[in-house]
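Engineer: Sequence first, predicted coordinates after that:
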Amino acid sequence: MIEKSAKIKLLLLVAALAIAAIVLEKTYLTAKSPSGVKVMVYKMELMTSASDTNPQTVFSNSAGSEIDLTNDVMIGQAEIQTGAYKRIRITAANGIKVSIGSADDDPCGTGAIFTDRVLTVAGSGTDPNARVQIGFATYDDGGGTWTGPQVTHILLGPTAIREKRNARIEFRFTTGNSLFCIKDAVEIRAPWAGWITLSSGTQS
């Protein structure tokens with residue numbers, strides 16, 4: 001009786017693993033790369049951690065500035081306090097304009113090609129003009145998570161400031177394999193990743 005029960009449990013485990021593998025293959029293993037990801041950015045802040053109550057603002061524009069994460073570099077200029085910065089917080093429009101330039105890059109396999117289709121960060125049905133916060137953080141500060149509107153992508157390593165100084169901040173992105181097919185619809189999801197480059201001098 002014990003042996004039969006063990007066999008049943010083993011069969012159930014194998015079945016569960018097979019189902020999980022199918023789901024994984026249909027979503028994450030078929031992820032594709034967009035040709036364009038345009039984001040309207042209003043603010044960019046450096047933070048030492050998720051609980052940082054004194055973020056360093058390095059870019060702010062009340063009218064917003066549109067950048068394409070696949071091609072552009074986000075640039076800011078600020079006097080940065082001493083510290084190890086493990087998180088960057090971006091205030092942006094909820095609606096992101098996504099483009100697919102090749103039929104092979106449609107994660108749903110329909111061969112669809114489109115330009116500037118608006119996908120929302122906070123989920124379908126939400127206001128694309130609303131402002132949301134998108135976080136980039138190192139793994140030890142919660143990077144790489146996706147829970148609805150609480151989006152935290154990967155920051156590739158902390159940025160250390162050893163003494164207070166005025167710096168030019170360049171924030172670069174990688175958006176490869178960020179398109180997924182969810183319920184037969186194209187979505188843009190994690191993993192996004194980004195990294196910071198610092199230099200002295202005046203912003204051009």
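Structural biologist: The structure has been received and is ready for your questions.
Engineer: Low-confidence regions, this structure specifically.
Structural biologist: The chain contains residues with pLDDT under 70 at 1-29, 124, 147-150, 190-191, 200-204.
Engineer: one more time with 50
Structural biologist: 2, 7, 9-27, 203-204 (pLDDT under 50).
Engineer: Outline the domain layout of it.
Structural biologist: Here the domain assignment for the chain is 1-30, 32-199, based on automatic domain parsing.
Engineer: tell me, how many neighbours does residue 41 end up with?
Structural biologist: 21 (other Cβ atoms under 10 Å). In this view, the C-beta of every residue, glycine as well, is placed from N, C-alpha and C.
Engineer: Could you give the secondary structure assignment for it?
Structural biologist: strand (DSSP: H, G, I helix; E, B strand; the rest coil).
Engineer: Any idea what it is bridged to?
Structural biologist: Note on residue 41: beta-bridge partners residue 65, residue 92, judged by DSSP bridges.
Engineer: roughly how far apart are it and residue 186?
Structural biologist: Separation of residue 41 from residue 186 (Cβ to Cβ, to the nearest Å): 22 Å.
Engineer: tell me the contacts of the closest residue to residue 177 other than its chain neighbours?
Structural biologist: Among residues not flanking residue 177 along the chain, residue 31 sits closest, at 4.1 Å (Cβ to Cβ, 6 or more residues apart in numbering). Neighbour list for residue 31: 107, 177-180 [criterion: Cβ atoms under 8 Å, 6 or more residues apart in numbering].
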